[in-house]
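>>> this is a predicted model, with the sequence first.
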Amino acid sequence: MSCLLQLTSVTKSFGAVRALKGVSFDLRAGEVHALLGENGAGKSTLIKVITGAHQPDEGAIEVRGERIPSLTPGEAHRLGIACIYQQPALFPDLTVAENIGIRLEDLGLFGRVRWGMRRKTAKELLRRIGADIYPDAEVRSLSMPEQQLVEIACALGAGARIVVMDEPTASLTREEQQRLFSVVLGLRADGVGIIYISHRLEEIFALADRVTVLRDGESVGTRGIRRSDASDPDRSGPTLTENELIQLMVGREVASIYPPPGTQPGATVLSVRRLGCSSSGVRDVTLEVRTGEIVGLAGLIGAGRTELARVLFGLTPADSGEIELGGSLITIGSPREAVARGIAYVPEDRRRHGVILEMPIADNMTMAVHERIFPGTWLRPVAERSLAERQIRELGVKASGPDAPGGSLSGGNQQKVSLARWLATKPRLLILDEPTQGVDVGAKSEIHKIIRRLADEGMAVLLISSDLPEVLGMSDRIAVMRGGTIAAIFPGGSDARTVMAAALGQAVGAGAPAEEESPC
Amino acid sequence: MLLRHETVLLAVLVVELVFFGVAGRNFGTADNIANIVRHSVEIGLLALVMMPVVLAGGIDLSVGSTLGLCAVLFGKLWRDGGLPWEVAAVATLGIGAAAGGTNALLITALRLPPLIVTLGTYSLFRGLAEAITRGTDAFTRFPPSFLFLGTGRVAGIPAQAWIFALVAAAMWLLVHRTTFGRSWRAIGFAPEGARYAGLPVGRRLAFAHVLAGIVAALAAITYTARFGTAKADAGTGYELAAITAVVLGGTSIFGGVGSVHGTLLGVAAIAVLGNGLSRVPATMSNAGELSGLLTGMLLVLALAGGAVPKWFAERRPR
């Protein structure tokens, strides 16, 4: 079988973060090659290298046996590499034919648009993928899956031989999925190589010929899959089962580097019942967090974890269900109300939401407690400084002083500043969203110790993390979210495979049955 | 950063003073200095309240029109309403607050962009002023006790300079010494970040706009007292002069960065330039055009002066 694409030992770093650590990957003509991995394993980076959006630091890229020294997006297009994203990137106000024409025709300056031709091409391409779409329809009027089909038609028209599909079914219904699958299999039969990214194992087993699993920026192996309909004997490597696949994704054993719990959880601090927020896709969440307890919130990106946190913090207020805090029913209509009630939220995106980069550390640390430390609205520089200095000392923030701007700190130290801001509010419930994302190993374990100490001091902690070992190692209980709701709750120290299976929607033990995920 | 924006601006102001002191005719006399102050109080007041709006990442194009509307309504209340001018003045401040409140409501409750909202009210308020006077009516013959505000002196200093000094001091304290100023700065740097920190973003923005309205009304009063007439075209173009002073004074149009003393220096640099040019024989006849030209150059240089080092810093090999 001919090799369409060959990546050899590709590395890519962003600052201190090594996103790809020598990944090799190959794609053959006429195969569906699935790419799998946890959030942050390096899938998107690898895709961006393949489409030319990122230049690898090291490693070689060969397309059809030809070495490509520097792959740019234009070059990738010329070589027949196309990418279908989850959210189609079409011009909504133009017609289908126009959108296809823009991608495919090279008019040059003063070129004349030949409308008849344009429409004919569009019709022909749409027919080839079996899409029943009118070429003169405005893209705005098409559904998401129809837009995806237009994207695929574009890729086909551009003569794409390598098609990357990034979670194409994330927002499709079952029938739409089936239609997409037949298009994918049609492309495959035509000898197109397809790189297929999906978190849904059943899709991978239905479609893929081979699967490559990425973990922490490394490829942990490429395996053949015995497809349900497969009769093709020409399969290299051992085939694998779903369980083996999950094991590959989860990988390493959970090391006992996490601080042990100190106290038994006490009274219930937060209790939500059938909580929902239709605008953010959170639905029917029932969950309790007690004093001294760390509840881990696991799940895939888009499972609704951050959305749930935003509901609890009043950024997108709930429109159904009940929230009980410290025994009394409350509503949370804005972050201010949440703060007043003793809820703190250390957000995921610390550079945009967690820390104001241009402002001094001290200003950042007192921002959520203006009323308390500046009564009568007058700033009190002495009180502010002493609070900041104490927090810097207690959390071990490495900075030149309280006046250093937040942006001058490393990621881990910014995270500590963000945390300090919320500790200053002395919250009853602390929600941490990806507290160690992009943080180096040393700062990571310091942050873990701080979190455990806070719980031991009686705080209720809700810990959102895509880092499975972290959730497993830190949490007293683990709630797995999927499709905007809690899919399963496991006791602390549960098996990584069980939790991952629940997150992926595989029915295991207490996991809810697999069902359609709501679009994110 | 050794070379602060304010320091550079202070140097520019000193250069202006020295140059016009030497080259200008009767530039440094007490009368002329009082004259400069009288002429710059209204734009200065508007700049002082424009500053927090810009600091918080917004803009208010309507302050000049608010001044015009308030001047006309003040005249109407006094002449046709028969109110004593003191009462009319207080009512006018309320009208200013309502005008600012209109902007605030549209911006914070409906989440419309401040540029568009205040561009709308810029026309709306001026249009109202013209409708009230039918474009021709002017209010005159104010009592001397009122005109004193615009022409009199207290302790040898123009009366309105005291008002200005009071507002300037209050604004300085508000911006640099209270949580209001801190919040405006935070909102200017990162509006989402400020919301995530639990700051009352909407209320703080609303306050800045209401304050702008009130002080624009105050400027309408000193303006009317200075000219002795209230007409619908009062304060035309003042919003741009105020924005120029604020930006020249080092407040970033993107929000977050800026100081009240910088704004004061910006006001002074522009006022001295305009007056000085009219005192130098060579430029006397076309001082108006020249001052516009030079103010523009100053502004462009000030902005470029801030951007050029950054441009180089970004291109420095790491």
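Okay, I see it. Keep in mind that what you see is a predicted model, and the values were worked out from it rather than measured.
>>> just checking, what packs against the host helix or strand of residue B:101?
Following DSSP states H and E, one finds residue B:101 within helix B:85-104. The contact analysis (3 or more CB pairs under 8 Å, 6 or more residues apart in numbering or on different chains; DSSP states H and E) places helix B:85-104 against helix B:63-79, helix B:114-133, helix B:201-227. (C-beta placed from N, C-alpha, C; glycine too.)
>>> just the CA trace of the shortest one, in PDB.
Once side chains and other backbone atoms are set aside, the C-alpha atoms of helix B:63-79 remain, and they are given as PDB (Å, rounded to 0.1, in the frame of the first residue of the first chain):
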ATOM      1  CA  VAL B  63     -19.800  65.400  26.200                       C
ATOM      2  CA  GLY B  64     -19.600  68.400  23.900                       C
ATOM      3  CA  SER B  65     -23.300  68.000  23.000                       C
ATOM      4  CA  THR B  66     -24.200  67.400  26.600                       C
ATOM      5  CA  LEU B  67     -22.600  70.700  27.300                       C
ATOM      6  CA  GLY B  68     -24.600  72.400  24.600                       C
ATOM      7  CA  LEU B  69     -27.900  70.800  25.800                       C
ATOM      8  CA  CYS B  70     -27.200  71.700  29.400                       C
ATOM      9  CA  ALA B  71     -26.300  75.300  28.500                       C
ATOM     10  CA  VAL B  72     -29.600  75.700  26.600                       C
ATOM     11  CA  LEU B  73     -31.700  74.100  29.300                       C
ATOM     12  CA  PHE B  74     -30.000  76.100  32.000                       C
ATOM     13  CA  GLY B  75     -30.900  79.300  30.100                       C
ATOM     14  CA  LYS B  76     -34.500  78.000  29.600                       C
ATOM     15  CA  LEU B  77     -34.900  77.200  33.300                       C
ATOM     16  CA  TRP B  78     -33.600  80.500  34.400                       C
ATOM     17  CA  ARG B  79     -35.300  82.800  31.800                       C
END
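>>> that helix versus helix B:114-133: what angle between them?
Relative orientation of helix B:63-79 versus helix B:114-133 (axes from the mean of the first three to the mean of the last three CA atoms, to 10 degrees): 30 degrees.
>>> pLDDT of helix B:63-79, averaged?
The average pLDDT within helix B:63-79 is 97.
>>> so how far is that helix off the chain centroid?
Between the centre of helix B:63-79 and the centre of its host chain there is 17 Å, according to CA atoms, centre = their mean, to the nearest Å.
>>> the last one now?
With CA atoms, centre = their mean as the basis, helix B:201-227 stands 9 Å off its chain's centre.
>>> what's the nearest residue to residue A:404 if we skip its chain neighbours?
Once flanking residues are discounted, residue A:404 sits nearest to residue A:361: 5.6 Å by CB to CB, 6 or more residues apart in numbering or on different chains.
>>> if you could redo that for residue B:210, that was the one I meant.
Looking at residue B:210 with CB to CB, 6+ apart, the closest residue is residue B:100, at 4.2 Å.
>>> circling back to that earlier point, can you put the helices and strands packed on helix B:85-104 in a markdown table and add mean neighbour count?
Below are these laid out as a markdown table (neighbours: other CB atoms under 10 Å in any protein chain shown):
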| stretch | mean neighbour count |
| --- | --- |
| helix B:63-79 | 28 |
| helix B:114-133 | 19 |
| helix B:201-227 | 25 |
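>>> dump the ones you listed to TSV, plus distance to residue B:86.
TSV is the format used below for those (distance: least, CB to CB, whole Å):
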stretch	distance to residue B:86
helix B:63-79	10
helix B:114-133	21
helix B:201-227	10
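>>> among these, which comes closest to residue A:166?
Of all those, helix B:201-227 sits nearest to residue A:166, with 34.9 Å by CB to CB.
>>> next up, the contacts around the closest residue to chain A within the stretch 201-318 of chain B.
In the stretch 201-318 of chain B, the residue found nearest to chain A is residue B:256; the distance is 5.8 Å by CB to the nearest CB. Shown in contact with residue B:256 (CB atoms under 8 Å, 6 or more residues apart in numbering or on different chains): A:358, B:55, B:57, B:185, B:186, B:188, B:189, B:190.
>>> please, which helix or strand holds residue B:46?
Counting by DSSP H and E, residue B:46 is part of helix B:30-55.
>>> actually residue A:345, not the one I typed
Assigned by DSSP H and E, residue A:345 belongs to strand A:343-346.
>>> just to revisit the earlier point, the residue nearest to residue A:404 contacts residue A:398, doesn't it?
No. Contact status for residue A:361 versus residue A:398: not in contact, 10.9 Å apart, counting by CB atoms under 8 Å.
>>> can you give me the strands for the stretch 101-250 of chain A?
Applying DSSP state E, counting those that start in this stretch to the stretch 101-250 of chain A gives strands spanning A:162-166, A:193-197, A:210-215, A:218-224.
>>> any regions of chain B where pLDDT drops low?
Low-confidence segments of chain B (pLDDT under 70): B:1-3, B:306-318.
>>> number of nearby residues for the closest residue to residue A:406 other than its chain neighbours?
Nearest residue to residue A:406, sequence neighbours excluded (CB to CB, 6+ apart): residue A:355, at 4.1 Å. Residue A:355 has 30 neighbours, counted by other CB atoms under 10 Å in any protein chain shown.
>>> if I look at residue A:355, how far off is residue A:368?
Computed as CB to CB, to the nearest Å, the residue A:355 to residue A:368 distance reads 12 Å.
>>> so what sits against both of these two?
Common neighbours of residue A:355 and residue A:368 (CB under 8 Å, 6+ apart) are residue A:421.
>>> how far off centre is the helix holding residue B:101?
Using CA atoms, centre = their mean, the offset of helix B:85-104 from its chain centre is 17 Å.
>>> stretch A:129-138 now?
Averaging C-alpha positions (CA atoms, centre = their mean) puts stretch A:129-138 31 Å from its chain's average.
>>> just stretch A:196-212 next, same as before
Offset of stretch A:196-212 from its chain centre (CA atoms, centre = their mean): 18 Å.
>>> likewise for stretch A:448-462?
Averaging C-alpha positions (CA atoms, centre = their mean) puts stretch A:448-462 26 Å from its chain's average.
>>> how about it: buried residues?
A:448, A:450, A:451, A:452, A:454, A:455, A:458, A:459, A:460, A:461, A:462 (16 or more other CB atoms under 10 Å in any protein chain shown).
>>> just the CA trace of it, in PDB.
What follows is stretch A:448-462, C-alpha atoms only, in PDB (Å, rounded to 0.1, in the frame of the first residue of the first chain):
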ATOM      1  CA  HIS A 448      -1.400  20.100  44.700                       C
ATOM      2  CA  LYS A 449      -0.100  20.500  48.300                       C
ATOM      3  CA  ILE A 450      -1.800  23.900  48.600                       C
ATOM      4  CA  ILE A 451      -5.100  22.500  47.400                       C
ATOM      5  CA  ARG A 452      -5.000  19.600  49.800                       C
ATOM      6  CA  ARG A 453      -4.100  21.900  52.700                       C
ATOM      7  CA  LEU A 454      -7.100  24.100  51.900                       C
ATOM      8  CA  ALA A 455      -9.300  21.100  52.000                       C
ATOM      9  CA  ASP A 456      -7.800  20.000  55.200                       C
ATOM     10  CA  GLU A 457      -8.500  23.400  56.600                       C
ATOM     11  CA  GLY A 458     -12.200  22.900  55.900                       C
ATOM     12  CA  MET A 459     -12.700  24.300  52.400                       C
ATOM     13  CA  ALA A 460     -14.900  22.400  50.000                       C
ATOM     14  CA  VAL A 461     -13.000  22.000  46.700                       C
ATOM     15  CA  LEU A 462     -14.400  21.300  43.200                       C
END
